[in-house]
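Enquirer: sequence and predicted structure, then a few things I'm wondering about:
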Amino acid sequence: MNEKVYMHGINNYGFRDYNPKVQLKVLAKILKSGALLSVRNQGISYSTNFSGFDYISLCDYEKRNCFIEGVPSDIGKYNSYYQYIVHNLSLSFSKDKLDVINPILIDYIGNSDRPYVKMKEYGLKEERYSDLADEVQVKDRVPLEYLEQITFPTIAFFRDSMCFTPSSRIKALTKEIKKIEDILKEYYYNVPIYDIETKQLMNEENIEKLVLSIK
């Protein structure tokens with residue numbers, strides 16, 4: 001797995017862990033469009049994020065262990081990697097291909113009286129801001145011609161799974177990876193799929209090893 005990448009977690013629409021139906025639908029929509037698009041370019045008329053209307057938020061994978069101070073202990077590890085990437089299907093892009101903006105870091109937005117209102121205000125400013133230490137932003141669009149790899153959140157996939165035996169888990173995970181591969185092939189993208197935590201290629205042999213290692 002290439003670690004010199006910027007990553008974008010596919011929108012999970014409020015689900016904490018990987019939701020197959022939602023994630024695969026959004027993946028297909030992104031692949032069909034040929035790019036990650038800002039909300040304005042998607043024709044969406046609202047935004048409550050640091051990225052505002054014209055920017056796209058990405059995670060700098062090499063900064064995944066960077067955090068701001070002042071985040072309540074009950075929140076856990078707080079940055080874009082732990083908030084979005086480890087729970088979601090994610091797209092990775094070569095770092096040397098993208099012109100990114102490093103936002104100005106601010107205090108943890110959750111400590112504000114109206115955090116989403118405050119986040120929206122920051123998102124609409126000309127300068128870029130974030131409280132996620134590993135976030136970078138790109139203006140308008142990220143072309144999929146720079147797509148390097150897909151990462152899959154195996155642990156999150158099984159968090160609420162009804163698969164209790166190793167054999168049923170292997171079957172379920174193999175089936176899910178096959179669905180992703182089929183969507184990639186449908187839109188002519190030939191990129192590898194890796195487990196986000198072990199960084200192992202999601203082939204038949206590694207899927208079995210991965211499932212057997214999960215406690």
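Expert: Here it is on my side, so go on.
Enquirer: just for the protein, where's the confidence low?
Expert: Residue ranges of the chain with pLDDT under 70: 12-16, 160, 162.
Enquirer: and the longest helix belonging to the chain, what does it pack against?
Expert: Looking across the chain with DSSP state H, the single longest helix is helix 166-186. The helices and strands touching helix 166-186, judged by 3 or more CB pairs under 8 Å, 6 or more residues apart in numbering; DSSP states H and E, are helix 20-33, strand 147-152, helix 154-159, strand 193-195, helix 204-213. All C-beta atoms are positioned from the backbone trio N, CA, C, and that covers glycine.
Enquirer: any chance you could list what contacts it?
Expert: For helix 166-186, the external contacting residues (CB atoms under 8 Å, 6 or more residues apart in numbering) are 20, 24, 27-28, 31, 89, 150, 152, 154, 157-158, 161, 163, 190-191, 193, 202, 204, 207-208, 210-212, 214.
Enquirer: just the buried ones among these, please.
Expert: 24, 27-28, 31, 89, 150, 152, 154, 157-158, 193, 202, 207-208, 210-211 (16 or more other CB atoms under 10 Å).
Enquirer: pick the one among these closest to Glu135.
Expert: Proximity of the buried ones among the contacts of helix 166-186 to Glu135 (CB to CB) peaks at Leu89, which lies at 18.6 Å.
Enquirer: hang on, Asn41 packs against Val138?
Expert: No - with contacts counted by CB atoms under 8 Å, Asn41 stays clear of Val138, the gap being 11.7 Å.
Enquirer: between the two, which is the more surrounded one?
Expert: Neighbour count, other CB atoms under 10 Å: between Asn41 and Val138, Val138 has more, with 22 against 15.
Enquirer: that one belongs to a strand, doesn't it?
Expert: Yes - judged by DSSP: H, G, I helix; E, B strand; the rest coil, Val138 forms part of a strand.
Enquirer: residues contacting the spatially closest residue to it that is not a sequence neighbour?
Expert: Leaving aside its sequence neighbours, Val138 sits nearest to Ile56 (CB to CB, 6 or more residues apart in numbering; 4.9 Å). Listed by CB under 8 Å, 6+ apart, the contact set of Ile56 reads His8, Leu36, Leu37, Ser38, Gln137, Val138, Lys139, Asp140, Arg141, Val142.
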